[in-house]
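Q: Predicted model and sequence follow; I will ask about them next.
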There are 2 protein chains.
Amino acid sequence: MSFNVTFLGSGAALPTAKRSTTAQYLVCNNRYILIDCGEGTQTQIRKFGLKLQKISHILISHLHGDHFFGLPGLLSTMNLLGRNQGITVYGHPNLENLLHGMLEAGKNKLTFAINFVPLQYKDEQVIFEDRVIAISSFPLNHRIETCGFKIQEKRKDYQLDASSIKNSGLLIQHFPLLKKGQNIQLENGELRNFEDFTLPPKPSYSYAFCSDTKPNQQIIPSITNVDLLYHEATFVEADLERAKMTFHSTATQAATVAKEANVKKLILGHFSSRYENADLHLKEAKTVFQNTLIAEDGLVIDLERN
Amino acid sequence: MSFNVTFLGSGAALPTAKRSTTAQYLVCNNRYILIDCGEGTQTQIRKFGLKLQKISHILISHLHGDHFFGLPGLLSTMNLLGRNQGITVYGHPNLENLLHGMLEAGKNKLTFAINFVPLQYKDEQVIFEDRVIAISSFPLNHRIETCGFKIQEKRKDYQLDASSIKNSGLLIQHFPLLKKGQNIQLENGELRNFEDFTLPPKPSYSYAFCSDTKPNQQIIPSITNVDLLYHEATFVEADLERAKMTFHSTATQAATVAKEANVKKLILGHFSSRYENADLHLKEAKTVFQNTLIAEDGLVIDLERN
């Protein structure tokens, strides 16, 4: 099992030598998910030694160029490398036509299917779910329709407690049932309570992604208690007016959201290129929410190790 | 005066750590021209210390992604940086709608005009001309409609020969006429032949760009005698069949074109990512055309110094 996020691009609209535009590569229990895809994302994926063709889901928060202009190139490269497994892209309803327009301009035939799932921007909704994870989207408050995303592991199985099972009369075929929390009736009629033979499930982790947005009270229920919250912090408090005007957040505002949502850890990103570094962002955020980190291109956060 | 080309991307369809996709930044007598614009071109421009906002003309050879997927991001960045000077984009008629679709998806208002000039693919035509330079397009032979481009300086003025003008009776107001090759009648009726008071014009340079294409006899008249020819050499001779199938050229074929067109210097690029380096391309080409170079990302060639 694994749950980690690689920050491919930690900058805002203008890419710089140190900070590419927004993209994050998330691995969760062998599900490979790309969140946003600014220009140059495919190059960042290669640079950081990640697997391009493993990606099966791409979530696009909104249609500002620094969040999706890398998508035609990424999909083209998947195609050139002979991909045949379909991919699911979640985004604004207008994205589907834009993508097809760009990809079909060169008259190259796609060797794999793009399954497009349009997002809605009214309320939280589960957009993908299997037996292990669930992905939901929730509306942010930006200049154009924008979604945040939450990726969460479902409750895991109980863990077998080998020492207590010994001499209990339980057989190997009972193990999957115990792990699911079912009590067992033995052939001799005796009952075995699953709690006596298992340990609690390992924790289930969750990650929430909020970019780009004004500070927004309405997202609190969607992100409460997550293990890691990524929240944009385009500006510092001295540029609060500019943040308001552009529907972005300051580091202080992002930290306030993290605190109110009682998240375990906060990571800030989407820093305006006007700042030489994010030292002030970190300082400001820490006065409100101590457990704050700064995203850097190539940084990996393993949720299980924090 | 100056005439130089910076190779921003020397790779083929798949960008690698060493070779970005096709883009070239050309400065010719204070005209700033971008040729093709693969993904990441804006980052390469910044990396090599070139001036983004000076670009006034963008030539797009064809609509394969590795030649134009960087264009929406480049134009967006120009906009974010407050550009107000218009820009002229030359490309396939379908490009205009694609560009507007991508740029308008985010509902950002452009602060400058994009003047779009559709290319045709039938014969050579002058697509831009002023008193100093001319740009022409000519059809290549690729899987989809593709143009090559030629940028040439017009014939320059005669150079005044200060030593012979002394005591000739010629006045300062005669100098511009002499430089244009006009004879002068003095106030006393005497004639002064311009050739006696000027030196020949400095050479006028020319650059031709051919990517992507099968080797194509029909382009020879368009590129004959140019000072520098860029010609794609996606493959080496061992992969000739693959070159044929994909409407690309081998290094040997590119060199043969250069030889037949009697160009002064050849530079090869658009190398397939299957090759670790372009050593073999260079070796093959030099057996046909000695004055051959290999494009590398960041390489600058000054035509006046060669």
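A: That came through fine.
Q: CA only for contacts and neighbour counts going forward, please
A: Noted.
Q: Show me which helix or strand of chain A is least confident by mean pLDDT.
A: Every helix and strand of chain A was ranked by mean pLDDT, DSSP states H and E. The lowest is helix A:162-165, at a mean of 90.
Q: and whichever helix or strand comes after it, what does it pack onto?
A: Later in the chain than helix A:162-165, the nearest helix or strand by DSSP states H and E is helix A:175-179. If contacts are counted by 3 or more C-alpha pairs under 8 Å, 6 or more residues apart in numbering or on different chains; DSSP states H and E, helix A:175-179 sits against strand A:159-160.
Q: Pull up the pairing partners for the strand it packs on, direction included.
A: strand A:198-199 (antiparallel) (DSSP bridges).
Q: for the record, mean pLDDT for the partner strand?
A: Mean pLDDT, computed over strand A:198-199, is 96.
Q: CA atoms only for the helix or strand that it is followed by, dumped as PDB, please.
A: Using DSSP H and E, the helix or strand that follows strand A:198-199 in sequence is strand A:206-210. C-alpha atoms of strand A:206-210 as PDB (Å, rounded to 0.1, in the frame of the first residue of the first chain):
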ATOM      1  CA  SER A 206      -7.000  11.400   2.700                       C
ATOM      2  CA  TYR A 207      -5.700  14.200   0.600                       C
ATOM      3  CA  ALA A 208      -7.500  17.400  -0.500                       C
ATOM      4  CA  PHE A 209      -6.400  19.800  -3.200                       C
ATOM      5  CA  CYS A 210      -7.600  23.400  -3.300                       C
END
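Q: So in that sheet, which strands flank strand A:206-210, and in what orientation?
A: Applying DSSP bridges, strand A:206-210 is found paired with strand A:147-153 (antiparallel), strand A:228-232 (parallel).
Q: neighbouring contacts of that strand?
A: The contact list for strand A:206-210 (C-alpha atoms under 8 Å, 6 or more residues apart in numbering or on different chains) reads A:140, A:147-153, A:223, A:226-232.
Q: any idea which of the residues you listed is closest to residue B:24?
A: Nearest to residue B:24 out of those is residue A:232 (C-alpha to C-alpha; 34.4 Å).
Q: Settle this for me: the closest one is touching residue A:253, isn't it.
A: No: Residue A:232 is beyond contact range of residue A:253, at 9.6 Å (criterion: C-alpha atoms under 8 Å).
Q: Looking at those two, which is more packed in?
A: Neighbour count, other C-alpha atoms under 10 Å in any protein chain shown: between residue A:232 and residue A:253, residue A:232 has more, with 29 against 24.
Q: partners of that one in the sheet?
A: As for beta bridges, residue A:232 partners with residue A:269 under DSSP bridges.
Q: Got the domain ranges for chain A?
A: A:3-156+A:202-305, A:159-199 (automatic domain parsing).
Q: Minimum distance to residue B:300: which of those domains has it?
A: Across these, residue B:300 has its closest neighbour in domain A:3-156+A:202-305 (20.3 Å, C-alpha to C-alpha).
Q: So the nearest residue to residue A:113 once chain neighbours are set aside versus chain B, what's the distance?
A: The shortest distance from residue A:113 to any residue other than its chain neighbours is 4.5 Å, reached at residue A:86 (C-alpha to C-alpha, 6 or more residues apart in numbering or on different chains). Residue A:86 is 20 Å from chain B, where distance means C-alpha to the nearest C-alpha, to the nearest Å.
Q: Correct me if wrong: residue A:86 contacts residue A:110.
A: No: with contacts counted by C-alpha under 8 Å, residue A:86 stays clear of residue A:110, the gap being 10.3 Å.
Q: and the two? which has more neighbours close in?
A: residue A:110 (17 against 14).
Q: sec struct for the more buried one, please.
A: Put simply, residue A:110 is coil when judged by DSSP: H, G, I helix; E, B strand; the rest coil.
Q: related to what we said a few turns ago, distance between the least confident helix or strand of chain A and the chain's centre?
A: Relative to its parent chain, helix A:162-165 has a centroid offset of 37 Å by C-alpha atoms, centre = their mean, to the nearest Å.
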